[in-house]
Structures are given as C-alpha cells and as structure tokens.
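>>> Sequence first, predicted coordinates after that:
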Amino acid sequence: MLLKRHRAPVRSLFSTLDGNLDGAITRHELWTSLQAIGVPLCLEDADLLFRALLEFAIGKGEVSLSFRAVQKALLSPELGELVWEMDQDRRSVSKAQKALAITTKAEHQAAKALKEKADAVERLRVARSRMSALNAYVDFLEGGQTDLEVRMSELAHENVDMHMKVAELARARA
C-alpha cells in the first residue's frame, strides 16, 4: 500500500537505505539514511519503524532487512496503516503545539492588560488624593491665614509622599 501510494521503486528505495551496500539494512542504516534524505525521524521512531518492518516482513528475531523483506513490508497494508497513524499523531501534536502557543500569547496579553489596569487604578487614586488636597486647600483659604499655613505644610508632606509613590510605580513598571 505504501509503495503503491508513493509509486517509488523498491529497488531504488532499498539501495538508498542500504548505506554500506551489503544487501541488508540495519537499524542504524535505516535511521542515518532517512536522516540523509530529509525524513525528520528521531532515533526512537526509526527503531519503531525498523521493528515494524521486520515484524511485517520476516517475523521477530532478525536483525537486518533483505531486499525481499523490504519489498514484502512495503507492500503490506499494515505498514501503510502504521505510517498513516504516525502521521496523524504528528499532526495532532503540531495542532496542540499551535494551540499552546496561542494560549500562551493570550495569557501574556491578559497579564499585560491586568498590569495596565492596576497602573490606571493607582493613577486614579493619586489624582483623587490630589483633588482632595486641593479641596482642603480651598477650604483653608476661606478659613484664614493661620489655618492656611498649617494646611500648606500638611499638603507639602502629602505631595512628597505622592511623588515617592509615583516614583515607585515608575520603577516597578520599568
């Protein structure tokens, strides 16, 4: 089935995979040959493929594949199904990785928005405090010069406190 789907001649494929041209393909030859032709297969997956080829072609206990064994394995529908399932698994992993990347990006954006909201709330609190101080200042102007001097001293201290808090916020944002 795999051979029919890709229309690749078995002899040519076998020659490509048989790295030392001894007429048999070992586990290591399979993996290095697949890497050389650009098939992104990790060593564990290559081992799984090799064991599946052996099982489909000649049974357990063998350590290398002959041309006939590869031909028989490539023509088996079970191997085609195995390759299809591996491809589906890779696609699922790829989709999950993309979904994770999107989720992570959304989490970062939400964290940034939350920080901006907290900063805005603090700026509003500072503005309200200043407004309250200004209102008190107006009251003292109406109340007399002595009260005004006392209140100006208090406002000066509050203003220093507010500037220190704003400076702390600026350092925290940086």
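Received the coordinates, thanks.

>>> just the helices in the chain please.
2-6, 10-17, 27-36, 43-57, 67-75, 77-143, 145-173 (DSSP state H).

>>> Using CSV, lay out those helices together with mean neighbour count and mean pLDDT.
To be clear about C-beta, it is placed using only N, CA and C from the backbone, and glycine gets the same treatment. Below are the helices of the chain laid out as CSV (neighbours: other Cβ atoms under 10 Å; pLDDT from 0 to 100):
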stretch, mean neighbour count, mean pLDDT
helix 2-6, 14, 48
helix 10-17, 15, 73
helix 27-36, 17, 82
helix 43-57, 17, 77
helix 67-75, 18, 67
helix 77-143, 12, 85
helix 145-173, 12, 81
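
>>> neighbouring contacts of stretch 22-37?
14, 16-20, 41, 43, 46-47, 49-50, 53, 63-67, 70 (Cβ atoms under 8 Å, 6 or more residues apart in numbering).

>>> what domains does the record give for this structure?
2-75, 104-173 (automatic domain parsing).

>>> Out of the ones you listed, which is closest to Arg91?
Minimum separation from Arg91 across the domains of the chain (Cβ to Cβ) falls at domain 2-75, 13.5 Å.

>>> hang on, the earlier thing: mind putting the domains of the chain into CSV with distance to Glu81?
CSV is the format used below for the domains of the chain (distance: least, Cβ to Cβ, whole Å):
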stretch, distance to Glu81
domain 2-75, 9
domain 104-173, 35
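
>>> Can you tell me which of the ones you listed is nearest to Met86?
domain 2-75 (7.1 Å).

>>> Quick one: closest of the domains of the chain to Ser94.
Nearest of these (Cβ to Cβ): domain 2-75, 11.9 Å.

>>> Just the CA atoms of stretch 12-23, as PDB, please.
Extracted as PDB, the C-alpha positions of stretch 12-23 are listed here (Å, rounded to 0.1, in the frame of the first residue of the first chain):
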ATOM      1  CA  SER A  12      15.800   2.200  -5.600                       C
ATOM      2  CA  LEU A  13      14.500   2.800  -2.100                       C
ATOM      3  CA  PHE A  14      16.400  -0.300  -0.800                       C
ATOM      4  CA  SER A  15      19.600   1.000  -2.400                       C
ATOM      5  CA  THR A  16      19.100   4.400  -0.700                       C
ATOM      6  CA  LEU A  17      18.600   2.800   2.700                       C
ATOM      7  CA  ASP A  18      21.400   0.300   2.400                       C
ATOM      8  CA  GLY A  19      24.200   2.600   3.500                       C
ATOM      9  CA  ASN A  20      27.100   0.100   3.100                       C
ATOM     10  CA  LEU A  21      25.600  -1.700   0.100                       C
ATOM     11  CA  ASP A  22      25.900  -5.100   1.800                       C
ATOM     12  CA  GLY A  23      22.400  -6.200   0.700                       C
END
